[in-house]
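Enquirer: Predicted model, plus sequence, below.
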Amino acid sequence: MLVLININKMVPPIAPIGLDYMATAVRNAGIEVDILDLGLSDDDSRVLRDYFTAHDPQLVGISFRNVDDCFWPNAEWFVPGLTDFIKQIRDLTSAGLVLGGVGFSIFGRRIMEYTGADYGIRGDGEQAVRSLLDELQGAKRWDRVEGLIWPDKGVLHSNAPAWPEDLSLPVQRNAIDNSVYFRKGGQIGLETKRGCNRPCLYCADPLAKGTSLRLRAPQEVADEAEILLGRGVDVLHLCDSEFNIPRSHALAVCEEFNRRSIGNRLRWYTYMAVLPFDAELARVMRQAGCVGINFTSDSTCESMLKTYRQAHGRDDLESAVRLCRENGIKVMCDLLLGGPGETPETLTETINFFKQINPDAAGAALGVRIYPDTGMAQLVRQEGVWEDNKNIRRKYDGPVDFFKPTFYISSSLGQQPAELVRDVIGNDERFFEPMLEIEAVVRENNVSSDHNYNNNITLMNAIEHGARGAYWDILRQLRRG
């Protein structure tokens, strides 16, 4: 018997899509699975105590989605809380503990060392957790479990990540109460593929999901969307790293939606690269129900785009915004300010160009979260002694450690870079401004102008009063009345 626990307490609550897929896959294999969804719990201790008093599972799986909130200057780190939670579980059961999830997959070995968990699975869990259960009941050949990390006599061993070439996921979506999450969280996620083959300097998605694109059949994706529609969920967020890579798959998914007239009943949002994007894809996406796109824009300064390893240029961004306008799709552009080589001049160039091309919203994120095994980490190491590196921002003492929230903000922007960004933005309501450091301690009047969605009181109130959609779009509409 397996029990899966969702410990993500971020609000607005996000339905644990990976846990939903995995629980259903394991159940379809004939294995008994229970779920403790603490994301919807008001009393975690009572839920855990009552469950383990009445049940004796063989394995406890804990989903760890977020290592931190990825925002400077909040820099809230969630790993110590995971450790405390594991200690709490140890007091309630002698079952083995296995960790998984996107956050775990980025830092698997470090999290195992820090928390003392029995097992961890890096990568996809649908098949791997079934293999682990088989070995627990049989020969205990841990080397045969995909993605497994496990300790043996004080030494951690790791198998290759669980990134199977063929991706087919269960479509039932009934392991988690998605209707409640939709009511409280305003949207539900859906995956059309996994993996990311883009070379972006900073991104951890290839670490968590692999660099090989693994595509779901468009018919399977459409089946899942229709099942969710049948449960009253009519607003989705596609959770792919970039929906339009490859373009052919994005087009095929939309064409299947259109064949079933799903776009007449469903609104959906997605993340996308600026390229490839053209008039045909924009038209077909809108017909299929797409109402909002969040582009990975980063910058409009050519030198910064080259640093970030982006394939698009400023003209491509202008074209993407125009195509969204022509097709009635709301458009959000995510900026990444303060990276290596950023100066007041390059920053001003980027912000002013975005004012010119006029997206519906622009997220002026300041600071690059540094993940190990990325080009960003390699670049920082080349800059010299970390503790003396004036480009590094952190809230912890001791040696620089990318396991903990560590950010890069170009020292050329001065001692108060957030104030500089705000000055350049002015009073332009299209921009979500970076948070000042004092606002990380107290958000004035519980209202935030940035787009850190965690514990955003304005956002939560809007959802409670019926707002639905991508969080940037909800906040954008609130600003404009």
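Expert: Sure, I can see it.
Enquirer: Could you check the pLDDT of the residue of the chain most remote from its centre?
Expert: Residue farthest from the centre of the chain, counting by Cα atoms, centre = their mean, is residue 139 at 36.2 Å. You'll see residue 139 listed with a pLDDT of 95.
Enquirer: go on, the one 4 residues further on?
Expert: According to the prediction, residue 143 has pLDDT 97.
Enquirer: Quick check: it vs residue 158, distance?
Expert: Distance from residue 143 to residue 158, counting by Cβ to Cβ, to the nearest Å: 10 Å. Yep, even glycine has a C-beta here, placed from its N, CA and C like the rest.
Enquirer: Please apply the same query to residue 361.
Expert: In terms of Cβ to Cβ, residue 361 sits 41 Å off from residue 158.
Enquirer: And residue 242, by the same measure?
Expert: From residue 242 to residue 158 the distance is 28 Å (Cβ to Cβ).
Enquirer: same check, this time on residue 397
Expert: Distance of residue 397 to residue 158, given as Cβ to Cβ: 29 Å.
Enquirer: Could you check which of these two has the larger neighbour count?
Expert: Neighbour tally, residue 397 and residue 158, criterion other Cβ atoms under 10 Å: the higher count belongs to residue 158, 14 against 5.
Enquirer: Skipping adjacent residues, who's closest to that one in space?
Expert: residue 149 (4.9 Å; Cβ to Cβ, 6 or more residues apart in numbering).
Enquirer: just how off-centre is the helix or strand containing residue 255 within its chain?
Expert: Assigning secondary structure by DSSP states H and E places residue 255 in helix 247-259. Distance, stretch centre to chain centre, for helix 247-259: 23 Å (Cα atoms, centre = their mean, to the nearest Å).
Enquirer: What residues of it count as buried?
Expert: 247, 249, 250, 251, 252, 253, 254, 256, 257, 258 (16 or more other Cβ atoms under 10 Å).
Enquirer: what's the answer for stretch 271-291, then?
Expert: Result for stretch 271-291 [16+ other Cβ under 10 Å]: buried residues 271-277, 281-282, 284-291.
Enquirer: cool, and stretch 83-98?
Expert: 85, 86, 89, 93, 95, 96, 97, 98.
Enquirer: Now, these that are in helices?
Expert: Residues of the buried residues of stretch 83-98 located in helices (DSSP state H): 85, 86, 89.
Enquirer: how near is the residue nearest to residue 369 when sequence neighbours are not counted to residue 348?
Expert: Leaving aside its chain neighbours, residue 369 sits nearest to residue 70 (5.0 Å; criterion: Cβ to Cβ, 6+ apart). Using Cβ to Cβ, residue 70 is found at 25 Å from residue 348.
Enquirer: Which one of these two is surrounded by more residues?
Expert: residue 70 (19 against 15).
Enquirer: Mind checking what secondary structure that one has?
Expert: Classification of residue 70 by DSSP: H, G, I helix; E, B strand; the rest coil places it in coil.
Enquirer: how about it, phi and psi?
Expert: phi 60, psi 20 (degrees, to the nearest 10).
Enquirer: hang on, it packs against residue 370?
Expert: No - at 10.9 Å, residue 70 and residue 370 do not qualify as touching, with contact defined as Cβ atoms under 8 Å.
Enquirer: Do you have the helices of the stretch 301-450 of the chain handy? List them.
Expert: 302-307, 314-326, 344-357, 375-382, 417-425 (DSSP state H, counting those that start in this stretch).
Enquirer: Nearest approach to residue 184 belongs to which of the ones you listed?
Expert: helix 314-326 (28.9 Å; Cβ to Cβ).
Enquirer: Identify the bridge partners of residue 332.
Expert: Per DSSP bridges, the residues bridged to residue 332 are residue 294, residue 361.
Enquirer: gap between it and residue 281?
Expert: Taking Cβ to Cβ, one finds residue 332 at 17 Å from residue 281.
Enquirer: what sits against residue 115?
Expert: 79, 82, 83, 86, 99 (Cβ atoms under 8 Å, 6 or more residues apart in numbering).
Enquirer: Excluding chain neighbours, what is closest to it?
Expert: Nearest to residue 115 is residue 83, by Cβ to Cβ, 6+ apart, at 4.7 Å.
Enquirer: show me the contacts for the one you found.
Expert: 114, 115, 116.
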